[in-house]
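In: Structure for the following, please:
(chains A, B, C and D)
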2 protein chains.
Amino acid sequence: MDLLTVDRLPPILRSAIATRQLVAGQRLFRQGDSASAVFVIESGRLKIVRNTEEGKPITIEIARAGESFAESALFSEFYSYTAIAEVTSEVIAYPKQPLLSTLRDRPDLAEDFMTLLVRKNNALIVDLELQSIKAAHRRVLQYLQYLVGSSDSKVVSFDRPLKDVAGEIGLNPATLSRALTRLENEGAIARELNSIILQDFSAA
Amino acid sequence: MDLLTVDRLPPILRSAIATRQLVAGQRLFRQGDSASAVFVIESGRLKIVRNTEEGKPITIEIARAGESFAESALFSEFYSYTAIAEVTSEVIAYPKQPLLSTLRDRPDLAEDFMTLLVRKNNALIVDLELQSIKAAHRRVLQYLQYLVGSSDSKVVSFDRPLKDVAGEIGLNPATLSRALTRLENEGAIARELNSIILQDFSAA
DNA sequence: CGCATAGTTGACTACGCTCAACCCTGGTGG
DNA sequence: CCACCAGGGTTGAGCGTAGTCAACTATGCG
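Out: All right, here's what the predicted structure looks like:
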């Protein structure tokens, strides 16, 4: 994602951005905080979660280096979710007002920004589709297929514990574990240390 | 939603828009069709669905008079979902290219459009949150509370069969029925013809 | 008056969640 | 260098409940 790269920005915005360091577990902002900036990740990984009225927080998105988050801050007064650093991370903050006026002045950046919003939209729709699959093993398989995408590698290795992955796709660690063994027994995947290999004879 | 009202539009776009009539059940476009336009509903109601790889189609959104849909068409080559008229409807089509160049020329419209995209995003997040509630009766209650929002009326009446509502929130008609009677027994709601009255002593 | 569709209810099944025990690994400290 | 510990992963047992199928009722329309 090459949006909001520094050298394309006008001086007004360029002088307004600031970087912030985060340690693992640190919260960048909390649901309900006043929305002050949009962020792009320089390094590390952030988790965007939303605390539902029942206890359980749900994961909206996992953002990694090069990705942005909290775009909705531009048009909302408060953040509607919480951003937590999963590992030591560095983020760039683009303050709301300067960014807004930049987008007004620069149609090319505005268009990029819209593209970005549409992508987020699509990602959320994919999530919804995933959640709609009730059977755990099918949901997991779909998720894995989505991760490898159209790449030819067919190998997935996670950079975080399986229990976190489970949370992301709305499953229990125990249920995820069972789903994986089931997929393995059915021959849909093979496991190996930290990696999962998708066997392709795709649809069934 | 006052976005894209005709009198704010430049002539280039104004002359490019066209209205289309749809009868109940008619598909405006299908998942995979070439993305040619963004739409706004003049009258009626459209359902946006996505066909998952398993059989079951899922409802992404219900769009009503005054609302827009298929914004992602602007930045995608194909529609990633299907639009079906639920009742006789009239929509205005804003062709992709003229709309794109208008957004480039008119920062005010571009900003409105971004606001709109962010709202869609938030709506999807609300959906995700809803789906994360496993217990049917709790999910239904949350949905009803979301529908009445901050209004003081506390009354919900649906303009479409309950079985469609069930599909929208990811439940079975039978399960929804049971959930409603359970909520009624617990005193959380009261039912009356086509209406549902929320009893407020909100959280429990 | 009858047909079609929606809503409700019952019986049954399947499966995801919870709790808990166990294994395994990596890291720490004696 | 080994003993211990902590956390993640796996596995078992049992429970609750959403899904399915099906029957029955109620409603609206031709």
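In: Identify each buried residue in stretch A:19-29, please.
Out: In terms of neighbour count (16 or more other Cβ atoms under 10 Å in any protein chain shown), stretch A:19-29 has its buried residues at A:22, A:28-29. All C-beta spots, glycine's among them, are computed from the backbone N, C-alpha and C.
In: low pLDDT regions in chain A?
Out: A:1-4, A:201-204 (pLDDT under 70).
In: measure A:Thr59 to chain B for me?
Out: Using Cβ to the nearest Cβ, to the nearest Å, A:Thr59 is found at 9 Å from chain B.
In: That residue is in contact with A:Val165, isn't it?
Out: No: using Cβ atoms under 8 Å as the test, A:Thr59 is too far from A:Val165 to be in contact (9.8 Å).
In: where do the contact lists of these two overlap?
Out: Counting by Cβ atoms under 8 Å, 6 or more residues apart in numbering or on different chains, A:Thr59 and A:Val165 have no contacts in common.
In: Among the buried residues of stretch A:19-29, which are located in strands?
Out: Under the assignment DSSP state E, the buried residues of stretch A:19-29 contribute A:22, A:28-29 to strands.
In: Including distance to A:Ala65, could those residues go into CSV?
Out: Formatted as CSV, those follow (distance: Cβ to Cβ, whole Å):
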residue, distance to A:Ala65
A:Leu22, 13
A:Leu28, 15
A:Phe29, 19
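In: Closest to DNA strand D out of these?
Out: A:Leu22 (18.9 Å; Cβ to the nearest atom of the strand).
In: Tell me who's in contact with that closest one.
Out: Applying Cβ under 8 Å, 6+ apart, the residues near A:Leu22 are A:28, A:44, A:46, A:85, A:88-91.
In: I only care about these that end up buried; give me the PyMOL line for that.
Out: The following PyMOL line selects those of the contacts of A:Leu22 that are buried, judged by 16+ other Cβ under 10 Å:
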select buried, chain A and resi 28+44+46+85+89+91
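In: Filter the contacts of A:Leu22 down to the ones in strands?
Out: Checking those against DSSP E, those in strands are A:28, A:46, A:85, A:89-91.
In: how about those residues in a markdown table, adding distance to B:Lys134?
Out: What follows is the ones in strands among the contacts of A:Leu22, written out as a markdown table (distance: Cβ to Cβ, whole Å):
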| residue | distance to B:Lys134 |
| --- | --- |
| A:Leu28 | 29 |
| A:Leu46 | 26 |
| A:Ala85 | 29 |
| A:Ser89 | 32 |
| A:Glu90 | 37 |
| A:Val91 | 33 |
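In: Tell me the buried residues in the longest helix along chain A?
Out: Assignment by DSSP state H gives helix A:107-131 as the longest helix of chain A. By neighbour count with 16+ other Cβ under 10 Å, helix A:107-131 contains the buried residues A:107, A:109-122, A:124-125, A:127-131.
In: A:Gly55: neighbour count?
Out: A:Gly55 has 6 neighbours, counted by other Cβ atoms under 10 Å in any protein chain shown.
In: Might you enumerate the residues of chain A proximal to DNA strand D?
Out: Proximity of chain A to DNA strand D, by Cβ under 7 Å from any atom of the strand, involves residues A:134, A:161-163, A:173-174, A:176-178, A:180-181, A:191.
In: Can you say which of these are buried?
Out: For the residues of chain A next to DNA strand D, buried by 16+ other Cβ under 10 Å: A:176, A:180.
In: Which one of the residues of chain A next to DNA strand D is nearest to chain B?
Out: The nearest member of those to chain B, counting by Cβ to the nearest Cβ, is A:Lys134 at 8.9 Å.
In: Doesn't the closest one belong to a strand?
Out: No: counting by DSSP: H, G, I helix; E, B strand; the rest coil, A:Lys134 is not part of a strand but coil.
In: contact partners of stretch A:181-194?
Out: A:137, A:140-141, A:144, A:157-158, A:180, A:196-199.
In: Please repeat the previous calculation with a cut-off of 10 Å.
Out: Contacts to stretch A:181-194, defined as Cβ atoms under 10 Å, 6 or more residues apart in numbering or on different chains, come from residues A:135-138, A:140-141, A:144-145, A:154-159, A:162, A:180, A:195-202, A:204.
In: ditto for stretch A:126-133
Out: For stretch A:126-133, using Cβ under 10 Å, 6+ apart, the contacting residues are A:58-61, A:138-143, A:146, A:168-170, B:50-54, B:56-60, B:80, B:124-125, B:127-128, B:130-132, B:170.
In: Pull the distance from it to the chain's centre.
Out: Centroid separation for stretch A:126-133 versus its chain: 15 Å, with Cα atoms, centre = their mean, to the nearest Å.
In: domain assignment for chain A?
Out: Per automatic domain parsing, the structural domains of chain A span A:6-125, A:136-198.
In: measure the longest one end to end?
Out: What that stands for is domain A:6-125. 30 Å (Cα to Cα, to the nearest Å).
In: One more: the last one?
Out: End-to-end distance of domain A:136-198 (Cα to Cα): 16 Å.
In: Contacts (any at all) between DNA strand C and it?
Out: Yes: shown here: domain A:136-198 in contact with DNA strand C (Cβ under 7 Å from any atom of the strand) through A:136-137, A:170-172, A:174-175, A:178-179.
In: now the closest residue to A:Gly170 other than its chain neighbours: how far from DNA strand D?
Out: Counting by Cβ to Cβ, 6 or more residues apart in numbering or on different chains, A:Gln131 is the residue found nearest to A:Gly170 once chain neighbours are left out, at 5.5 Å. A:Gln131 sits 11 Å away from DNA strand D, going by Cβ to the nearest atom of the strand, to the nearest Å.
In: Tell me what the most centrally placed residue in chain A is bridged to.
Out: Closest residue to the average C-alpha location of chain A: A:Ile62 at 2.6 Å, with Cα atoms, centre = their mean. Applying DSSP bridges to A:Ile62 gives these bridge partners: A:Lys47.
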